[in-house]
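1. need the 3D shape of this:
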Amino acid sequence: MLILLDENGKQMDSEAFSGYLQKHMNSGIKTLIFVIGGPYGFSDAVYARANGKLGLSKMTFSHQMVRLFFIEQLYRGFTILRNEPYHHK
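-> Now for the predicted structure:
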């Protein structure tokens, strides 16, 4: 399962993202891959291969920052799924 992190992808809050993760984990897929887009997006072949697109923000960030932001969102998503107190509603 290939998900592109693309500025034109679907945007969601942390709780919706945790539900998105849960849905994919429950689907039985073995590998979920997130790929960060370049400054000009992806090639047409990559867009055609992708199973979905997520957007982190309409703002522009460096690849180094996107990696950090996305790791934090993964952590937050999994703490929401485990009902841990990291995420505040």
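
2. now the farthest one out in this protein, which residue is it?
-> P85 (21.2 Å; CA atoms, centre = their mean).

3. need the contact list for that residue.
-> T79 (CB atoms under 8 Å, 6 or more residues apart in numbering). C-beta coordinates here come from the backbone N, C-alpha and C atoms, glycine included.

4. how close does it get to G37?
-> Counting by CB to CB, to the nearest Å, the separation of P85 from G37 is 33 Å.

5. and the next element down the chain from the biggest strand by length in the chain?
-> Counting by DSSP state E, the longest strand found in the chain is strand 2-10. Next in sequence after strand 2-10, counting helices and strands by DSSP states H and E, comes helix 14-26.

6. what about that following helix, average pLDDT?
-> Across helix 14-26, pLDDT averages out at 95.

7. what packs against it?
-> helix 63-81 (3 or more CB pairs under 8 Å, 6 or more residues apart in numbering; DSSP states H and E).
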